[in-house]
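> okay, here's the prediction I keep looking at, along with the sequence it came from:
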Amino acid sequence: MRRILILSLLTVVLAGLARAQGTGKGQTDAEIEKEILQLENERDEARQKGDMKALDRILADDYFYIGVRGNVRNKANRIDDYEAGVIKVYSIKKDNFLFKIYGDTVLMSGRETSTTEYRGKPNVKPRQFTNVYIKLGGRWRLVFHQATPILEPW
Amino acid sequence: MRRIVSLSLMAVSLAGLARAQGTGKSQTDAEIEEQVLKVEHEKDQAMQKGDVAALDRIYGDKLIFVNPRGQVLSKAQRLADVRPGNLDYVNFKRGDYTLHVYGNTVVLTGLSSSLVHYHGELIRTPRRFMQVYVKQDGQWRMVSHHANFVSEP
């Protein structure tokens, strides 16, 4: 009887572990969205302050992004831009968020109307962005970002 | 002794199951890339043919599709969009793929220089795109697409 009880408990515990690792369902979607929004706010604050340490923590090591001109750049490029003062972020405004959660992967979409400057050119046009956050080593990290200027619809 | 061996075996196999579900590491990244590229090419074929049934199978139900004008489309809106008359390819050219594998999630980027009629407009400008594939019930499905026109840096 005791053996059966131990086996049952072990099965339940390990099956629960399997499920939690596979889908991230240890948390509700609402809790995950809240965590991602908080991290996104930390990233935005770091962008404004030029806080490279915070950006380094939030961006995954193999982070890459597609810029508004369709160029592909990586984490080192991005950090270099901030350190060299090539990119400046004066104010940040984001809204229209959409979250799609797939276990340890979160797709975040939204509209950004921040005021920024890149190589001396101001950018105030609204952009539609996609962020891909993935839980790596127990921490949410931004692995990909893409932003597109919003034009007249087709 | 026999009991200990049984318990250990069960623990090892269930822990293995947990690991496999969490990271998809029962396959190598190269194998995953090959599978995702295969689905990507099936999708490309379906787009050229206006094969809505195939796209319905490949697109995830919660698809977020951002076109190069920054419009956000749902799966239903995108499927309505790819019908002949709305979207007609003059030629189809895609390449320069990169894939980043994170277990059951793959971020794929590429360059499209296809010539296409879209809503009555001939689009010649190359587009840099990103797609996220997620494995759901054993099948890779495209859950996100985002494209930008490529312009002078």
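That came in fine, so what should we check first? Residues are numbered from 1 along each chain as shown, chains lettered A, B, ... in the order given.
> I'd assumed A:Trp154 was in contact with B:Arg69.
Yes: between B:Arg69 and A:Trp154 there is a contact at 6.3 Å, judged by C-beta atoms under 8 Å. Just so you know, the C-beta spots here come from the backbone N, C-alpha and C atoms, and that holds for glycine as well.
> contacting residues for residue 133?
Unless you meant another one, I'm taking chain A. Counting by C-beta atoms under 8 Å, 6 or more residues apart in numbering or on different chains, A:Tyr133 makes contact with A:36, A:39, A:105-106, A:108, A:140-143.
> wrong chain, I was asking about chain B
By C-beta under 8 Å, 6+ apart, the residues touching B:Tyr133 are B:36, B:39-40, B:105-106, B:108, B:140-143.
> 6 Å - rerun?
Taking C-beta atoms under 6 Å, 6 or more residues apart in numbering or on different chains, we find B:Tyr133 in contact with B:36, B:106, B:140, B:142.
> buried residues in whichever strand or helix holds it?
Under the criterion of DSSP states H and E, B:Tyr133 resides in strand B:127-136. Going by neighbour count (16 or more other C-beta atoms under 10 Å in any protein chain shown), the buried part of strand B:127-136 is B:127-135.
> direction included, what does that strand pair against?
strand B:105-112 (antiparallel), strand B:139-149 (antiparallel) (DSSP bridges).
> okay if I get the ones you listed as CSV plus mean pLDDT?
Shown next, in CSV, are the strands paired with strand B:127-136 (pLDDT from 0 to 100):
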stretch, mean pLDDT
strand B:105-112, 98
strand B:139-149, 98
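> Throw these into TSV and include mean neighbour count, thanks.
Formatted as TSV, those follow (neighbours: other C-beta atoms under 10 Å in any protein chain shown):
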stretch	mean neighbour count
strand B:105-112	21
strand B:139-149	22
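> let me have those strands in a markdown table, extended by distance to B:Ser74.
Output for these, formatted as a markdown table (distance: least, C-beta to C-beta, whole Å):
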| stretch | distance to B:Ser74 |
| --- | --- |
| strand B:105-112 | 20 |
| strand B:139-149 | 12 |
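> just give me how far the helix or strand where A:Ser109 lies sits from the chain centre.
Assessed by DSSP H and E, A:Ser109 sits inside strand A:105-112. The chain centre lies 8 Å from the centre of strand A:105-112; the measure is C-alpha atoms, centre = their mean, to the nearest Å.
> by how many degrees do that strand and strand B:105-112 diverge?
Put simply, strand A:105-112 runs at 50 degrees to strand B:105-112, going by axes from the mean of the first three to the mean of the last three C-alpha atoms, to 10 degrees.
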